[in-house]
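A.B. asks: Got a predicted structure plus its sequence, pasted below:
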Amino acid sequence: MPTNTNTESCIHTERGALVFSAPGAGRLRDGSRVQIVDVFALQVATGYTRDPQGRLLLEAHPSVAAGRSWSLAKAAQLIRNDARPHRWVALELNKRAWGLFWAGGGLQRCRELLADRVSDAEACTALVPATPEALLRLMLELEPQGQQGRTSGVGATNPWRVVALTSSGWLVVLALMAAGFLSALERQERQIELLMQRTNPAFAKPAVPEQNP
């Protein structure tokens, strides 16, 4: 997946937690709203519990809609105290941040940064490839488990919300596919051109001979 040059300015560390925010926003305030994303398992945090040893464990679900939002200060605290702190990113709830994270290379860049820090004990979940299909499933899981299938009453699925999230999912997929295709095509063209120039001088443009007046 290509990395947008803007993504580097979106990534910073806040109180021991990796944060991804909108470009140009600088450091977020403690009260800024974020979601906590498991970049390796492609899941969004829904809450937390503790293991028998008393260590904090963030719970996550493979659905953006099921994910809970937190203040940045609380998210950083949870990530820092989690038993697996080097698999989580605090993602700002901002359209530009979302676009660059999911479709502009931010997810892949955060994976690379955290992979250098993660320990064997933390790497307990298999890496889920960030394919368009996987991201589409993440976007289109509209309701938490146990609430799907409701069509009326409290907790009913809002049809406009379904349309909005479906459209967002397809936009992410299209952006990923288009960016990946164009990047791969550009790299292939450059490689072919260099290979032709290095291996066969005949492909170089011949000089135009001067004509006598």
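C.D. replies: Yep, that arrived. Numbering: from 1, shown residues only.

A.B. asks: just so I have it, where are all the strands in this structure?
C.D. replies: 11-14, 17-20, 33-38, 43-50, 56-61, 69-71, 88-92 (DSSP state E).

A.B. asks: Please identify the most buried of those.
C.D. replies: Stretch with highest mean neighbour count among those: strand 88-92 (a mean of 25; mean count of other CB atoms under 10 Å). From N, CA and C alone the C-beta is placed, and that goes for glycine too.

A.B. asks: got the angle for that one vs strand 56-61?
C.D. replies: Between strand 88-92 and strand 56-61, the angle comes out at 60 degrees (axes from the mean of the first three to the mean of the last three CA atoms, to 10 degrees).

A.B. asks: Okay, now the sheet partners of strand 88-92, with direction.
C.D. replies: strand 17-20 (parallel), strand 33-38 (antiparallel) (DSSP bridges).

A.B. asks: Beta-bridge partners for the closest residue to R27 other than its chain neighbours, please?
C.D. replies: Counting by CB to CB, 6 or more residues apart in numbering, R27 lies nearest to H12, which is 6.3 Å off, once chain neighbours are set aside. Beta-bridge partners recorded for H12 (DSSP bridges): V19.

A.B. asks: Do you know the pLDDT at H12?
C.D. replies: You'll see H12 listed with a pLDDT of 94.
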